[in-house]
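>>> From the sequence below, what's the structure:
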Amino acid sequence: LLVDTFEDKLEVVADGRAVAIVPADDRRSTLRDDLATIPVEGIDPCQVAVVTRAADRNPLVAHFRESAKNCLGRDT
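Numbering: from 1, shown residues only. I've put the predicted structure just below:
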């Protein structure tokens, strides 16, 4: 299953083949009448992974990795 855009991801969710967890202030899912959001509360801290293609030289990828590292506070 290959999805490229956020809209593609919403389509997979709407089709019942996936679920999505998005930040509370992300309102893109409200663009569809056939989707509902349910708040998820009380989740313990968990691991986060940033995965990229080894040959990807897009500067936005490097900036995202650096931003994630700074926000997560751990260099691994």
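>>> Excluding covalently adjacent residues, which one is nearest to Phe64?
Val50 (7.1 Å; Cβ to Cβ, 6 or more residues apart in numbering). Where C-beta positions appear, they are placed from N, C-alpha and C, glycine not excepted.
>>> Can you tell me the SS state at that neighbour?
Local secondary structure at Val50 is given as coil here, using DSSP: H, G, I helix; E, B strand; the rest coil.
>>> Compute the distance between it and Val3, please.
In this structure, Val50 and Val3 are 18 Å apart, going by Cβ to Cβ, to the nearest Å.
>>> about what we covered before: which residues touch the residue nearest to Phe64?
Counting by Cβ atoms under 8 Å, 6 or more residues apart in numbering, Val50 touches 64-65, 68.
>>> Between the residues you listed, which sits nearest Glu7?
Within the contacts of Val50, the smallest distance to Glu7 is 20.2 Å, found for Phe64 (Cβ to Cβ).
>>> name the element the closest one belongs to?
Take DSSP states H and E as the rule and Phe64 turns out to sit in helix 59-72.
>>> which one is the spatially most central residue of the chain nearest to, not counting chain neighbours?
Relative to the mean C-alpha position of the chain, the nearest C-alpha, by Cα atoms, centre = their mean, is the one of Val22, at 6.3 Å. By the measure of Cβ to Cβ, 6+ apart, the closest residue to Val22 outside its immediate chain neighbours is Ser29, 6.5 Å from it.
>>> show me what contacts the one you found?
For Ser29, counting by Cβ under 8 Å, 6+ apart, the contacting residues are 10, 20, 22, 35, 37.
>>> same check, this time on Val22
Residues 28-29, 37 are the ones in contact with Val22 under the rule Cβ under 8 Å, 6+ apart.
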